[in-house]
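Student: Sequence and predicted structure are below.
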Amino acid sequence: MTAPDPRHQPRAFLEHLYRTAVHRALPLHNTEAFLPPPPRGRTIVLGAGKAGGAMAQAVEALWPADAALSGLVVTRYHHTPPRPPGLPGRIEVVEAAHPVPDAAGLQAAERILSLAQGLTADDLVLCLISGGGSALLTLPAEGLSLEEKQRINRELLDSGANIVEMNCVRKHLSRIKGGRLAAACAPAKVVTLTISDVPGDDPSVIASGPTVPDASSCADALAILQRYGIEVPGAIRARLEQGALETPKPGDPVFAGHAVHLIATPQQSLEAAAAAARAAGLEAHILSDEMEGESREVGKVHAALARAVAQRGQPFAPPCVILSGGETTVTVRKQPEGTPRGRGGRAGEFCLGLAQALQGQQRVWALAADTDGIDGVEDNAGAFVAPDTLQRALAQGMKVDAYLQRNDAYGYFSALGDLVVTGPTHTNVNDFRALLVL
């Protein structure tokens, strides 16, 4: 892919870096090296995540045509890629809701758990796990209704809890997460192929680790629920207090002989984008693939760095590209009764905070987008910021502070024509942020 000229087409250039990062994380480019040989018995493919449909297609395309293969994978609505001509469709792909689970996800999880029953030591289970699997693979603990699970999930999403905290709670309120799916597959061998969407690439956090040991505890889950003021039914709280909802731990023999392979990571995608920037004649600097914190505050920190580069040539000399990844959070602010709820996700809120703090800084452009193509629950991947963003907004009577107050990044950047819309990308290595300083 030839890069647009960053000096004359800054937005197109940043979009090129984003596409390069996404391309690096596509399952078909990353799966073959990690596939085990067919077993003596059956091969069952189970999985969940936003990349699930593309991962299933990659396995089908690469698996020997004369070897048996079947299974079920659940992905987000509208995230199943078109089936390539000639691909037989041996793995069923179903769709469900994200980020709040629904009945379709519950049904898929029940079917997946059922497919794990009755396997032998001669069988192989290929588990395809990617970000989003926590919501898509929903099977509430006994005594917890889907409606209660949905409420808890919504409150976690709005609370500002980070992904490790959210998934700790999800694991302990589930019958399939936190290693329980692997336990159900025993005595079959389990090989997990995963695409990381979490800071640190910890497989036990990705999609709440359905096939790997869980070192967190019921006490941890209770502490998180208390920290964010999230209520659970009394019977569930009692079972957490008693440790009755504990997950399989490291060292449990149920995981003996299992293998886990990270087939795509945020760092790899950032490195691909950095290489593309260097090929266009710019220095590229990767800050980190593990950035967390409030999206707007992370945006302000990036703005301070970009201003220092533009004004003083420190710590990097312009022209350059500054890249980062990770998973930020958004704490949804309570609004006066009757005020419409704002729209937007982490990437958009980052861009609001960035634009506010850049103060119209000349020679700085930025793009932030989710690599799955969907920022939160909207139809955009993210947003674009230019030196004249605040000026154009004020000309329309829009003050960035007001939009931040009501978490309405979508409304702000939509009015400016600066949403980044890609549609589902069929992978997910989480946040992508690129700042161009000329």
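Tutor: Thanks, I have it.

Student: The nearest residue to A308 once chain neighbours are set aside in helix, strand or coil?
Tutor: Leaving aside its sequence neighbours, A308 sits nearest to Q314 (Cβ to Cβ, 6 or more residues apart in numbering; 5.4 Å). Any C-beta I mention is one placed from the backbone N, CA and C, and that applies to glycine too. Under the three-state scheme (DSSP: H, G, I helix; E, B strand; the rest coil), Q314 adopts coil.

Student: Also V254?
Tutor: State at V254, reduced to three classes by three-state DSSP: helix.

Student: surely it meets D214?
Tutor: No - taking Cβ atoms under 8 Å as the definition, V254 is not a contact partner of D214, at 11.8 Å.

Student: Neighbour count for these two, which is higher?
Tutor: D214 (25 against 17; other Cβ atoms under 10 Å).

Student: contacting residues for the residue nearest to S288 when sequence neighbours are not counted?
Tutor: Of all residues not flanking S288 in the chain, S324 sits nearest, at 5.8 Å (Cβ to Cβ, 6+ apart). By Cβ atoms under 8 Å, 6 or more residues apart in numbering, S324 lies in contact with L270, I286, L287, S288, D289, M291, H302, D431, R433.

Student: Tell me how many other residues crowd the nearest residue to G132 once chain neighbours are set aside.
Tutor: Leaving out its chain neighbours, the residue that sits closest to G132 by Cβ to Cβ, 6+ apart is K50, at 3.9 Å. Neighbourhood size, K50 [other Cβ under 10 Å]: 30.

Student: ok so, going back, am I right that the residue nearest to S288 falls within a strand?
Tutor: Yes - S324: assigned to a strand according to three-state DSSP.

Student: From L14, how far out is it?
Tutor: According to Cβ to Cβ, to the nearest Å, S324 and L14 sit 13 Å apart.

Student: and what of V73?
Tutor: V73 sits 32 Å away from L14, going by Cβ to Cβ.

Student: And the two? Which one has more around it.
Tutor: Set V73 next to L14 and count neighbours by other Cβ under 10 Å: V73 wins out with 32 against 28.

Student: ok, the more buried one - contacts?
Tutor: V73 makes contact with 45-48, 52-53, 55-56, 91-94, 128 under the criterion Cβ under 8 Å, 6+ apart.

Student: Make JSON lines out of those and add neighbour count, secondary structure and pLDDT.
Tutor: Listed next are the contacts of V73 as JSON lines, based on neighbours: other Cβ atoms under 10 Å; DSSP: H, G, I helix; E, B strand; the rest coil; pLDDT from 0 to 100:
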{"residue": "V45", "neighbour count": "24", "secondary structure": "strand", "pLDDT": "98"}
{"residue": "L46", "neighbour count": "28", "secondary structure": "strand", "pLDDT": "98"}
{"residue": "G47", "neighbour count": "34", "secondary structure": "strand", "pLDDT": "97"}
{"residue": "A48", "neighbour count": "36", "secondary structure": "strand", "pLDDT": "98"}
{"residue": "G52", "neighbour count": "34", "secondary structure": "helix", "pLDDT": "97"}
{"residue": "G53", "neighbour count": "29", "secondary structure": "helix", "pLDDT": "97"}
{"residue": "M55", "neighbour count": "35", "secondary structure": "helix", "pLDDT": "98"}
{"residue": "A56", "neighbour count": "27", "secondary structure": "helix", "pLDDT": "97"}
{"residue": "I91", "neighbour count": "25", "secondary structure": "strand", "pLDDT": "97"}
{"residue": "E92", "neighbour count": "15", "secondary structure": "strand", "pLDDT": "97"}
{"residue": "V93", "neighbour count": "22", "secondary structure": "strand", "pLDDT": "97"}
{"residue": "V94", "neighbour count": "18", "secondary structure": "strand", "pLDDT": "98"}
{"residue": "L128", "neighbour count": "31", "secondary structure": "strand", "pLDDT": "98"}
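
Student: just curious, which of the residues you listed is nearest to A161?
Tutor: Closest approach to A161 among those (Cβ to Cβ): A48, at 20.8 Å.

Student: Now do the same contact list for the closest one.
Tutor: Applying Cβ under 8 Å, 6+ apart to A48 gives the contacts 73-75, 108-109, 112, 128-130, 132-133, 136-137, 207, 210.

Student: how near is it to A141?
Tutor: 17 Å.

Student: for V400, same thing?
Tutor: Here the criterion is Cβ to Cβ. By it, V400 lies 43 Å from A141.

Student: Next: A310.
Tutor: In this view, A310 and A141 are 52 Å apart by Cβ to Cβ.

Student: just H98 next, same as before
Tutor: In terms of Cβ to Cβ, H98 sits 20 Å off from A141.

Student: the more surrounded of the two?
Tutor: H98 (26 against 19).

Student: Could you list the buried residues of stretch 189-209?
Tutor: 189-199, 201-209 (16 or more other Cβ atoms under 10 Å).
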